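Chemist: 3D, please:
(one chain, ligands or ions: 2)
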Amino acid sequence: MKVTVVGAGNVGATCAQIVAEKNIVQEVVLLDIKEGVSEGKSLDLWQTAPVNYYDTRLVGSTNDYSKTADSEVVVITSGVPRKPGMSRDDLISINAGIVKSVTENVVKYSPKAKIIIVSNPLDVMTYAAFATAKKPKNEVMGMAGILDTARYRAFLAEALDVSPRDIQALLMGGHGDTMVPLPRYTTVSGIPVTELIDKEKLDAIVERTKKGGGELVNLMGTSAWYAPGSAAAQMVEAIVMDQKRIFPCCVKLDGEYGLNDMFVGSPVKLGKNGVEEILEVALNEEEKEMLHSSAKAVKGVMDVLDGMNIL
Ligand SMILES: NC(=O)c1ccc[n+]([C@@H]2O[C@H](COP(=O)([O-])OP(=O)(O)OC[C@H]3O[C@@H](n4cnc5c(N)ncnc54)[C@H](O)[C@@H]3O)[C@@H](O)[C@H]2O)c1
Ligand SMILES: O=C(O)C[C@H](O)C(=O)O
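Modeler: Ligands and ions are numbered 1, 2, ... in the order given. Predicted structure coming up:
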């Protein structure tokens, strides 16, 4: 089985490394437009195999999509990251064209691949890939919710001084500062988090989560890659191993949560067919309102994309 990662930059190379180390597929192809970079990173990664004990072969490709042929899953990370002072939405003018042309090449060589978008602005780039790929909606999805809940869970683990493994959480909406962490669906080994932390501290963690990407951009001058690469690799694993895992992912909603014809974060089941089910959990009025206002922000960016007339 083969997995391709397009974009051999920070997120793509990290994702390729983690997928390879999981030892769950025969081959990981890393493709980039920059001459030699993906070949170099693949070779470097392959030389970690004897040290880190895995068998996954790593193949680099400078824009030659024939090497990606018949991939089971393709992760698209190509595009520019933001710099301090920018929002993810500011990337649309450059990344929309990149995601479109990459998706065209991906489907040409791997018509059956499940496609996971990482490039920002995430929800709208996933919509752009779906419109370009002309594939069933269960085969095109975006990575954001696993990353955003990972940040939320990490902050909670620190505040409660417990293992991050024991924190289960749900978060919905777009991958922007309007995202909607859901404390009502957050537990520590089954114990509602609201019983373990006071409201003021929890509210501060929710706010920090919403701006979690920006916090890292301000620290590093570019955006994060370890947690994003790991999160995308977890989606790959769920699909290639047919794990039926329940994760928040960016998926096409057609009526669920009262939202139509748009890509936005929702809990889903991930297995060999990609998005196998969209789970509709009960939201109270306040949560519904936050979700709809997040979706409205995504719609605004979709309108910008539509105005670009490139799809
Ligand atoms: N969804 C998320 O949660 C999430 C998290 C982190 C980063 N991102 C986004 O992922 C993208 C990549 O981030 P990064 O930090 O890896 O950036 P990066 O600059 O390190 O890597 C991007 C790579 O894409 C390549 N590329 C550009 N155009 C290409 C094309 N047409 N074909 C193939 N490769 C091409 C570049 O050469 C570069 O190597 C950004 O848009 C960033 O905002 C999203
Ligand atoms: O914040 C960014 O620009 C990158 C990514 O979306 C993230 O949340 O880390």
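Chemist: which helix or strand contains the residue of the chain found nearest ligand 2?
Modeler: Of all residues in the chain, the one sitting closest to ligand 2 is residue 213 (2.3 Å; C-beta to the nearest ligand atom). All C-beta atoms are positioned from the backbone trio N, CA, C, and that covers glycine. Element membership for residue 213, per DSSP states H and E: helix 212-220.
Chemist: for that helix, the distance to its chain's centre please.
Modeler: Relative to the centre of its chain, helix 212-220 is centred 17 Å away, using C-alpha atoms, centre = their mean, to the nearest Å.
Chemist: from the contact counts, what lies against that helix?
Modeler: helix 145-160 (3 or more C-beta pairs under 8 Å, 6 or more residues apart in numbering; DSSP states H and E).
Chemist: buried residues, the helix it packs on. List them.
Modeler: Using 16 or more other C-beta atoms under 10 Å as the burial criterion, the residues of helix 145-160 that qualify are 145-157, 160.
Chemist: if we ignore the residues flanking it in sequence, what's nearest residue 163?
Modeler: Excluding the flanking residues, the one nearest residue 163 by C-beta to C-beta, 6 or more residues apart in numbering is residue 157, at 6.5 Å.
Chemist: SS state for the residue nearest to residue 52 when sequence neighbours are not counted?
Modeler: Spatial nearest neighbour of residue 52, chain neighbours left out: residue 21 (5.7 Å); criterion: C-beta to C-beta, 6+ apart. Three-state call for residue 21 (DSSP: H, G, I helix; E, B strand; the rest coil): helix.
Chemist: which stretches of the stretch 101-250 of the chain form helices?
Modeler: Secondary structure of the stretch 101-250 of the chain (DSSP state H, counting those that start in this stretch): helices located at 122-133, 145-160, 199-210, 212-220, 226-240.
Chemist: show me the contacts for residue 84.
Modeler: Listed by C-beta atoms under 8 Å, 6 or more residues apart in numbering, the contact set of residue 84 reads 217, 218, 221.
Chemist: let's see that with 6 Å instead.
Modeler: 217, 218 (C-beta atoms under 6 Å, 6 or more residues apart in numbering).
Chemist: next one, pLDDT for it please.
Modeler: Predicted confidence (pLDDT) for residue 84: 98.
Chemist: quick check: phi and psi on it?
Modeler: phi -50, psi 140 (degrees, to the nearest 10).
Chemist: heads up, I number from 617, so please use that
Modeler: With 617 as the first residue, the last one maps to residue 700.
Chemist: can I get the helices of the stretch 717-866 of the chain in CSV including distance to residue 922 and mean pLDDT?
Modeler: Converted to CSV, the helices of the stretch 717-866 of the chain look like this (distance: least, C-beta to C-beta, whole Å; pLDDT from 0 to 100):
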stretch, distance to residue 922, mean pLDDT
helix 738-749, 10, 98
helix 761-776, 24, 98
helix 815-826, 26, 98
helix 828-836, 25, 98
helix 842-856, 27, 99
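Chemist: between the ones you listed, which one is nearest to residue 726?
Modeler: helix 738-749 (10.3 Å; C-beta to C-beta).
Chemist: buried sites along the closest one?
Modeler: Quick answer for helix 738-749 (16+ other C-beta under 10 Å): 738, 739, 740, 741, 742, 743, 744, 745, 746, 748, 749.
Chemist: tell me which parts of the stretch 617-766 of the chain are close to ligand 1?
Modeler: 622-628, 648-650, 693-698, 707, 711, 714, 717-718, 734-736, 738, 759-760, 763 (C-beta under 6 Å from any ligand atom).
Chemist: please, where are all the strands along the chain?
Modeler: Along the chain, counting by DSSP state E, strands occupy 618-622, 643-648, 673-678, 689-692, 730-733, 756-758, 783-784, 787-788, 796-797, 803-804, 807-808, 861-870, 876-887, 890-894.
Chemist: could you export those as TSV, including mean pLDDT?
Modeler: TSV is the format used below for the strands of the chain (pLDDT from 0 to 100):
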stretch	mean pLDDT
strand 618-622	99
strand 643-648	99
strand 673-678	98
strand 689-692	99
strand 730-733	99
strand 756-758	99
strand 783-784	98
strand 787-788	98
strand 796-797	98
strand 803-804	98
strand 807-808	98
strand 861-870	98
strand 876-887	98
strand 890-894	98
